[in-house]
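Asker: got a sequence here, can you model it:
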Amino acid sequence: MAILPIVEVPDPRLRQISKPVEQVDEEIRTLVRDMFETMYDAPGIGIAAIQVGVPKRILVIDLQEPEEEGGEPVKAPRIFINPEILTASEQEVPYNEGCLSIPEQYAEVDRPDRIRARWLDEHGNAHEEEIDGLLAVCLQHEMDHLNGILFIDHLSRLKREMVLKKLAKQRKEQGKKAA
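Answerer: Numbers count the residues shown, from 1 in each chain. Next up, the predicted model:
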């Protein structure tokens, strides 16, 4: 397993539309393991293959929610290969989103609170499920990556520019510390 470099804005690869996985094989399973290791190291709760420079329709999610109040987060890794949203509720919910490709920047995005999705797992088995809550939000966010869309694209132009200015300022300050 390996921790892969995370592609960050303004890298044009993030705007690329990812290609479907033709065959779920050992190469794909290795990529999935590396994606989990990269996501846990970052740390994050989801990552799409394009965020590690691979334009394939693969994403992984682990919400790492505590088993009980105040308990340690429990790993519950989920793998989505060639995911599709079949239906989405009309009711949207706001959620404060962040992204490993736009480090340490957050903004509220409205998304459907319930979706029905279909995907393949790491063995090539098909799944279809009604998903809600944080998992639905995260799945939609990561699926956007597969289509070259970032969470900031859901914001007004003004809010998007503010996020990008904060990111630029943060990078500049980190550059000064490194010098």
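Asker: so who does residue 174 touch?
Answerer: Shown in contact with residue 174 (Cβ atoms under 8 Å, 6 or more residues apart in numbering): no residues. (Glycine included, C-beta is placed from N, CA and C.)
Asker: could you list the low-pLDDT ranges of this protein?
Answerer: Scanning the chain for pLDDT under 70 picks out 66-71, 178-179.
Asker: switch the cut-off to 80
Answerer: Along the chain, the model assigns pLDDT under 80 to residues 1, 65-74, 176-179.
Asker: ranges for the strands of it?
Answerer: For the chain, strands defined by DSSP state E occupy the ranges 46-48, 58-61, 78-88, 92-99, 102-112, 114-120, 126-132.
Asker: of the ones you listed, which is nearest residue 9?
Answerer: strand 102-112 (5.4 Å; Cβ to Cβ).
Asker: just checking, what packs against that closest one?
Answerer: Judged by 3 or more Cβ pairs under 8 Å, 6 or more residues apart in numbering; DSSP states H and E, strand 102-112 is in contact with strand 92-99, helix 133-146, helix 157-178.
Asker: still on that earlier bit, the strands of the chain: which one's closest to residue 25?
Answerer: strand 78-88 (11.1 Å).
Asker: alpha carbons of the closest one, as CSV, please.
Answerer: In CSV, the C-alpha atoms belonging to strand 78-88 read as follows (Å, rounded to 0.1, in the frame of the first residue of the first chain):
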residue,chain,number,x,y,z
ARG,A,78,-17.2,1.8,1.4
ILE,A,79,-16.0,1.3,-2.2
PHE,A,80,-17.9,2.7,-5.1
ILE,A,81,-16.8,1.7,-8.7
ASN,A,82,-18.8,3.2,-11.6
PRO,A,83,-21.3,4.8,-9.3
GLU,A,84,-24.6,6.2,-10.6
ILE,A,85,-27.3,8.2,-8.9
LEU,A,86,-30.7,6.7,-10.0
THR,A,87,-33.0,9.0,-8.1
ALA,A,88,-32.6,12.0,-5.8
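Asker: and that strand, what's buried?
Answerer: 78, 79, 80, 81, 82, 83, 85, 88 (16 or more other Cβ atoms under 10 Å).
Asker: can I get these in TSV with distance to residue 107?
Answerer: Converted to TSV, the buried residues of strand 78-88 look like this (distance: Cβ to Cβ, whole Å):
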residue	distance to residue 107
78	24
79	27
80	24
81	28
82	28
83	23
85	22
88	21
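Asker: quick one: which two of those residues are the most distant?
Answerer: It's 79 and 88 that sit farthest apart of the buried residues of strand 78-88, by Cβ to Cβ, at 21.3 Å.
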